[in-house]
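Undergrad: following is a predicted model, sequence given first.
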Amino acid sequence: MKIVIVGGVAGGATAAARIRRLDEQAEIVVFERSGYISYANCGLPYYIGGIIDDPEALTLQTPESFFSRFRIQMKVHHTVLAIHPEQKTVTVQNTETGESFEESYDKLLLAPGAKPVLPDLPGIDSSRLFSLRTVEDTFRIKAFIRQNKPRSAVIVGGGFIGLEVAENLREQGIEVTIVQRPKQLMNPFDSDMAAFIHAEARKHGVKLALGFSVEGFAEDADGISVLLKDNAPLRADMVLLAIGVSPESTLAKQAGLELGIKGSILVNDRMETSHPDIYAVGDAVQVQHAVTGEPALIALAGPANKQGRIAADNICGGDSRYKGSQGSSVIQVFDLTAAATGLNETNARKAGLDADTVILSPMNHAGYYPGGKLMVMKVVFERNTNRLLGAQIVGYAGVDKRIDVLATAIHAELKATRLKDLDLAYAPPYSSAKDPVNMAGFLIDNIASGKMKQWHLADLPSLPRDGSVTLLDTRTEEEYALGHIDGFQNIPVDDLRRRLDEIEPGKPVYVICQSGLRSYIASRILEGNGFDAYNFAGGFRFYDAVAHDRALIEQVLACGMDQHALA
């Protein structure tokens, strides 16, 4: 059996190695258009910043090492120009020599990946404008920085690549501004959780211009201008375009294979395309979202590798199935770790789900053990069914551990209330006897059983200020004096029982504290004394961070590209 694989990075390289492990006699040929195979896309920004200083560390395998171990022909600088399904051949061009030839196959696997979105804007071909997808892209950026010593950079787009490059450029002492149309970075996160990412970026000198539309670029001898709609341009020495990727499905479309959303390659759960003996994996394919069951595009290395293994199994006569993607991801933003899995609240509501959330701020380990760090967790679940839909966490330690537990719980289809029952490892340096994941489960269980009713940040503008409800802040007088929401009266939780006569009976009571714990205790006291109490999800700390972030974004929008406002 002869297998031809188009693309030799994550999914393609994984599939090639798996096929060899399953079939020692198969002839396997991989065509990769770049000069590198099996390279670590996710590590590319860290080479720019010097954290990874050896360029050879970016490639997990070379064509020579792959052939030595697996006897697989890895042909780099070879571009597949066309697929001929009826003849079971592909047309290939050696881009170093210009020679074209036909290659036959018994089974064909497409793993072409995705390509950076490059909008049709004036100046898009500027020599000072870069994108980052391949090792060659990384070397070009690194060479430009070494030769030109830029002092400033504008990054268009605030996703994974944009943020990672921003951090690494700052490590090089370069001034960085991120500009994009959405008013938040990192779409996997809700805007309230993104506020903590924004704060960390600003803390390390990254300027954020959120809510601005880029209309083009203008290069001159002194640098490049990023042209903005209804605003003065941003000046810089270089620009990185990181507004997303799109499926590289040109070959599939030309060959008549069925396509899915946004031009992606349509596959079934065996990674089979619409044509016999042609498989596809990775960033180019449409997958099923593991939570909603709806079609999705999820361009992440983990799913691509799993799909490559599944396709290899099936090419070799097995029956492996892909269960869908839930988009589990994690990113380092300077000292902060931000992680997400499943659906955020915004997308859950867009999917028509009756979503609710709990927000908590636990320590990463036992509070009495030195060095504890707060994290902020937002867990999304479905009302009535308590189905676990997703989670987001930002913090400085222990974030990755908790997001992986939550991702596993979603995959296992555990009810959100079952999080309280998980038997998780505990020792003071690592966790608490009640792990943060357990704590989220306790909160959801309290809601499900009617022991706690919540109000959310989105409810704040509509809270009556006419005296028909009671607004209660249960923090200490000192905390209240340092900052509070207008209209909230202060009764510390430890004084509440003896001061109940200050709260008018018959009115709903909306309660807040610093993190949500004391206000929950206050809510139980109030409920036990005949009041109708609602606890604020997240606490004043959460409210203050989000409100401050939104005020800064609106200030920048009002002031335009005033550099003082951006700072």
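TA: Received it, and whenever you're ready, just let me know what you need. Residues are numbered from 1 along each chain as shown.
Undergrad: now do the helices in the stretch 1-150 of the chain.
TA: For the stretch 1-150 of the chain, the helices defined by DSSP state H, counting those that start in this stretch cover 10-22, 44-48, 63-70, 135-148.
Undergrad: remind me what the second one packs against, helices and strands.
TA: Of the remaining helices and strands, those touching helix 44-48 by 3 or more C-beta pairs under 8 Å, 6 or more residues apart in numbering; DSSP states H and E are helix 135-148, helix 160-171. Quick note: C-beta positions are derived from backbone N, CA and C, even for glycine.
Undergrad: re the thing from before, nearest to Gly467, of the helices of the stretch 1-150 of the chain?
TA: Among those, the nearest to Gly467 by C-beta to C-beta is helix 44-48 (54.2 Å).
Undergrad: for Asp404, helix, strand, or coil?
TA: The local conformation at Asp404, judged by DSSP: H, G, I helix; E, B strand; the rest coil, is helix.
Undergrad: burial of it, as a residue count?
TA: 15 (other C-beta atoms under 10 Å).
Undergrad: let me see the contact set for the closest residue to Val117 other than its chain neighbours.
TA: For Val117, ignoring the flanking residues on the chain, the nearest one in space by C-beta to C-beta, 6 or more residues apart in numbering is Gly244 at 4.8 Å. Neighbouring residues of Gly244 by C-beta atoms under 8 Å, 6 or more residues apart in numbering: Pro116, Val117, Gly157, Gly159.
Undergrad: cutoff 10 Å now
TA: With contacts taken as C-beta atoms under 10 Å, 6 or more residues apart in numbering, Gly244 has the following neighbours: Ala114, Pro116, Val117, Gly157, Gly159, Phe160, Ile161, Gly162, Asn187, Leu297, Ala299.
Undergrad: which one's the longest helix in the chain?
TA: Longest helix in the chain by number of residues, with DSSP state H as the criterion: helix 539-559.
Undergrad: alpha carbons of that helix, as CSV, please.
TA: Taking Å, rounded to 0.1, in the frame of the first residue of the first chain, the C-alpha atoms of helix 539-559 are listed here in CSV:
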residue,chain,number,x,y,z
GLY,A,539,-17.4,39.8,44.2
PHE,A,540,-16.2,43.4,44.2
ARG,A,541,-12.7,42.5,43.2
PHE,A,542,-14.1,41.0,40.0
TYR,A,543,-16.5,44.0,39.4
ASP,A,544,-13.7,46.5,40.0
ALA,A,545,-11.3,44.8,37.5
VAL,A,546,-13.9,44.5,34.8
ALA,A,547,-15.3,48.1,35.3
HIS,A,548,-11.8,49.6,35.3
ASP,A,549,-10.9,47.7,32.1
ARG,A,550,-14.0,48.8,30.3
ALA,A,551,-13.5,52.4,31.3
LEU,A,552,-9.9,52.3,29.9
ILE,A,553,-11.1,50.9,26.6
GLU,A,554,-13.8,53.6,26.2
GLN,A,555,-11.3,56.3,27.2
VAL,A,556,-8.9,55.2,24.4
LEU,A,557,-11.8,55.1,21.9
ALA,A,558,-12.8,58.6,23.0
CYS,A,559,-9.3,60.0,22.8
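Undergrad: can you name every helix or strand that it contacts?
TA: Where contact means 3 or more C-beta pairs under 10 Å, 6 or more residues apart in numbering; DSSP states H and E, helix 539-559 is packed against helix 191-203, strand 207-210, strand 355-360, strand 375-382, helix 477-482, strand 508-512, helix 517-528, helix 563-566.
Undergrad: please identify the pairing partners of the third one and their relative orientation?
TA: Strand 355-360 pairs in its sheet with strand 375-382 (antiparallel), by DSSP bridges.
Undergrad: now do the helix or strand that comes right after the strand it pairs with, average pLDDT.
TA: Following the chain from strand 375-382 toward its C-terminal end, the next helix or strand by DSSP states H and E is strand 388-395. Average pLDDT, strand 388-395: 98.
Undergrad: returning to that earlier point: any idea which of the helices and strands packed on helix 44-48 is most buried?
TA: Mean neighbour count, computed with mean count of other C-beta atoms under 10 Å, is highest for helix 160-171 among the helices and strands packed on helix 44-48, reaching a mean of 23.
Undergrad: neighbours of Tyr543, how many?
TA: When neighbours are defined as other C-beta under 10 Å, Tyr543 has 20 of them.
Undergrad: burial check on the residue nearest to it when sequence neighbours are not counted, number of neighbours?
TA: Closest residue to Tyr543 apart from its sequence neighbours, by C-beta to C-beta, 6+ apart: Leu457 at 6.2 Å. The burial metric for Leu457, expressed as a neighbour count using other C-beta under 10 Å, is 15.
Undergrad: next one: Leu457 from Leu109, what distance?
TA: Summarising the geometry, the distance separating Leu457 from Leu109, computed by C-beta to C-beta, to the nearest Å, is 47 Å.
Undergrad: ok so, going back, quick check: the residue nearest to Val117 vs Ala537, distance?
TA: Applying C-beta to C-beta, the value for Gly244 to Ala537 is 31 Å.
Undergrad: got it, and Pro505?
TA: With distances defined as C-beta to C-beta, the gap from Pro505 to Ala537 amounts to 25 Å.
Undergrad: show me where the stretch 1-150 of the chain has strands.
TA: Ranges of strands within the stretch 1-150 of the chain are 2-6, 27-32, 73-76, 78-84, 89-94, 100-104, 107-110, 114-116, 129-130, based on DSSP state E, counting those that start in this stretch.
Undergrad: just these: most buried one?
TA: Between these, the one whose residues have the most neighbours on average, counting mean count of other C-beta under 10 Å, is strand 107-110 (a mean of 28).
Undergrad: I'd like the average pLDDT over that strand.
TA: Across strand 107-110, pLDDT averages out at 98.
Undergrad: and it, what does it pack onto?
TA: The elements that strand 107-110 packs onto, with contact taken as 3+ C-beta pairs under 10 Å, 6+ apart, are strand 2-6, helix 10-22, strand 27-32, strand 78-84, strand 89-94, helix 250-254, strand 278-280, helix 301-315.
Undergrad: and the ones you listed as TSV, adding distance to Val376 and mean pLDDT?
TA: Written out in TSV, the entries for the helices and strands packed on strand 107-110 read as follows (distance: least, C-beta to C-beta, whole Å; pLDDT from 0 to 100):
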stretch	distance to Val376	mean pLDDT
strand 2-6	43	98
helix 10-22	31	95
strand 27-32	41	96
strand 78-84	46	97
strand 89-94	50	98
helix 250-254	42	97
strand 278-280	38	98
helix 301-315	24	96
